[in-house]
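using only what follows, build the 3D model:
(4 chains)
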Number of protein chains: 2
Amino acid sequence: MDVKTLCLGVLNRSEASGYEIKKAFEEGAFAHIHAASFGSIYPALNILCGEGKVVRRDESQDKRPDKKIYSITEAGRAALHLALMEPPAADRVRSDLLFILFFAQLLPAERLARLIDERIAWYRGHLQRMDCDDKAETPSAHPTPGERFVCGMGQAVYGAAADYLEQNRDTLIAEVEAAARFVAE
Amino acid sequence: MDVKTLCLGVLNRSEASGYEIKKAFEEGAFAHIHAASFGSIYPALNILCGEGKVVRRDESQDKRPDKKIYSITEAGRAALHLALMEPPAADRVRSDLLFILFFAQLLPAERLARLIDERIAWYRGHLQRMDCDDKAETPSAHPTPGERFVCGMGQAVYGAAADYLEQNRDTLIAEVEAAARFVAE
DNA sequence: GGTTGCATGTAAATGGTTACATGATTGT
DNA sequence: ACAATCATGTAACCATTTACATGCAACC
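Next up is the predicted model:
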C-alpha cells in the first residue's frame, strides 16, 4: 500500500487537506493502520491530481495560509477499488520497545518500569481516543461496518497489549532483579 | 533500531549465520518484533565485522556451501547495551489488511470472508509455533525473563486479534450484505 | 519569549527491499 | 521436472523520513 492509495482511502471518507490527511494517520481513523509523513503526502497528492484521481480546491482562510482541499474523483474511486482487490501484503510490525524488553536482564529495573508504564499510558490514551471517536467524530456520524470493525480490532489489540503489560510488569521486574542478585553473589 | 543492532541482538543469544539470523526474524523469537531481509543482513554483518563487534568463523559442511558463523564480541555487547539504553522509537504497524477491511462495504462478501479466515489461520499458526518455542527451541532451554515476557506479549496480542476476527467476522459480512441489499433497492 | 498548532512544500539522505547471480540437495 | 530449503552476496532501485524553508496565531 503506497501513500497514494492511503490518501485515496482517506479522501474516500471525506475531502481533506494534506495537513488533515496526516492527522488521520496520526490520531484519526487510520492511526493504528498505517503512517505517512508530510514529505510523502504532499507529493502523492500532487501526483494524484495530475492523474485526475483527485481534484484540488483552494479555500482561503483569514489569518491562516490558504488550505488546499482535495476531493476524490470517480477515477480515484476506481483506483482505490482496484488497490483494495489486490492481495494484501503481510502486516509489518516493528517494535523497538519489545526488542529492548527482550533483553530486560541487561537493563536497570527503573528503566524497565518507566518504559512499560509509558507504553501502558500510551495504549490507554489511544483507547480512550478511539472510544470518543465512536461517539463524537464528525466525518462519520454513521461509521460504515468496515470502520467499526477496524476500530474494534484496534481496541481489542491495544486493550490486550495494555492488559498484558499491566499484569506482567511486576513479575518481569522481580525476575530481573532476582537474576541480578544471583549474579552478584 | 537499525539492522546492525538487530543482528547484535540475535547474536547476543547465540552465534549464528546470516541465514539463521533471517530465520529469527521470520519464524524465530524476533518474528513479531522486527523484520530484515538478506539484502540488509549480510552487509550489516560485514560492517559489524569491520567494527570488531562480531567475529566470523567459517564452518565447512559437506554437501552444502560453507557457513559463515558470526559471534558477538565484548565490543558488540557494549554497542548493544548502548542501543538498548536509547529511547525507543514508537511502534510502527502497517496493516494492508486493516486498510482493506476499513472499506469492507466496497468489497464482495466472499473476499471479506477469505481475507479474514486466512488471517485467523495465520495468527493461530503463529500462536502454535510460539507455544512450541516455549518448550522445544534449542538455543534457550532457559529463556530469559525478557524472552518470556516478549513471547507472552506476542501471544496475548495475536490471541486477541484472532479472537476478535473470529467473533466479528460474521457480523461484518452480514452488515455489508445488508447494506448492499439496501443500495440495490 | 518560547512552544504548539495550523499550513505547504522541497531536497537530500537514509534505509531497506527486490531482483539478480550461483549452486547443491531433498522432497513431490 | 519442479519447487523448496540451505547458503551467500551485490547492485539497482524505491519509498519514505528528516531536515530545511516560511510564516502567522494563540497560548503559557
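
OK, now which residue of chain A is nearest to DNA strand C?
Nearest residue of chain A to DNA strand C: A:Tyr19, at 3.0 Å (C-beta to the nearest atom of the strand). Any C-beta I mention is one placed from the backbone N, CA and C, and that applies to glycine too.

domains of chain A?
Split into domains by automatic domain parsing, chain A comes to A:3-84, A:96-184.

do stretch A:150-162 and chain B meet at all?
Yes: interface with chain B: stretch A:150-162 contributes A:Val150, A:Gly152, A:Met153, A:Gly154, A:Ala156, A:Val157, A:Gly159, A:Ala160, A:Ala161 (C-beta under 8 Å from any C-beta of the partner chain).

with neighbour count and pLDDT added, can I get those in JSON lines?
Shown next, in JSON lines, are the residues of stretch A:150-162 next to chain B (neighbours: other C-beta atoms under 10 Å in any protein chain shown; pLDDT from 0 to 100):
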{"residue": "A:Val150", "neighbour count": "26", "pLDDT": "96"}
{"residue": "A:Gly152", "neighbour count": "17", "pLDDT": "96"}
{"residue": "A:Met153", "neighbour count": "22", "pLDDT": "97"}
{"residue": "A:Gly154", "neighbour count": "22", "pLDDT": "96"}
{"residue": "A:Ala156", "neighbour count": "19", "pLDDT": "97"}
{"residue": "A:Val157", "neighbour count": "20", "pLDDT": "97"}
{"residue": "A:Gly159", "neighbour count": "16", "pLDDT": "97"}
{"residue": "A:Ala160", "neighbour count": "21", "pLDDT": "98"}
{"residue": "A:Ala161", "neighbour count": "20", "pLDDT": "97"}
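
what subset of those is also close to DNA strand C?
Restricting these to those touching DNA strand C (C-beta under 7 Å from any atom of the strand) yields no residues.

rank the domains of chain A by pLDDT, which is bottom?
Of all these, the minimum mean pLDDT falls on domain A:96-184 (a mean of 90).

need the three-state assignment for the residue nearest the centre of chain A.
Central residue of chain A (C-alpha atoms, centre = their mean): A:Ala31, 2.2 Å from the mean position. Following DSSP: H, G, I helix; E, B strand; the rest coil, the label given to A:Ala31 is coil.

now do the contacts for the residue of chain A closest to DNA strand C.
Neighbouring residues of A:Tyr19 by C-beta atoms under 8 Å, 6 or more residues apart in numbering or on different chains: A:Lys67.

that one sits in which helix or strand?
helix A:18-26 (DSSP states H and E).

same check on A:Val55?
strand A:54-61.

just the buried residues of that strand, please?
Applying a neighbour-count criterion of 16 or more other C-beta atoms under 10 Å in any protein chain shown, the buried positions in strand A:54-61 are A:Val54.

what packs against it?
For strand A:54-61, the packing partners by 3 or more C-beta pairs under 8 Å, 6 or more residues apart in numbering or on different chains; DSSP states H and E come out as helix A:3-13, helix A:38-50, strand A:64-72.

what's the first helix or strand after the shortest one?
I take that to be strand A:64-72. Criterion used, DSSP H and E; the element after strand A:64-72 is helix A:74-84.

ok, back up a step: from what I can see the residue nearest to the centre of chain A touches A:His126, true?
Yes: look at A:Ala31 against A:His126 with C-beta atoms under 8 Å: they come within range, at 7.1 Å.

give the residues shared as contacts by these two.
Taking C-beta under 8 Å, 6+ apart as the contact rule, A:Ala31 and A:His126 both touch A:Gly154.

can you state the direction angle for the helix ranked longest in chain A and helix A:3-13?
For chain A, the longest helix by residue count, based on DSSP state H, is helix A:145-184. Angle of helix A:145-184 versus helix A:3-13, following axes from the mean of the first three to the mean of the last three C-alpha atoms, to 10 degrees, is 130 degrees.
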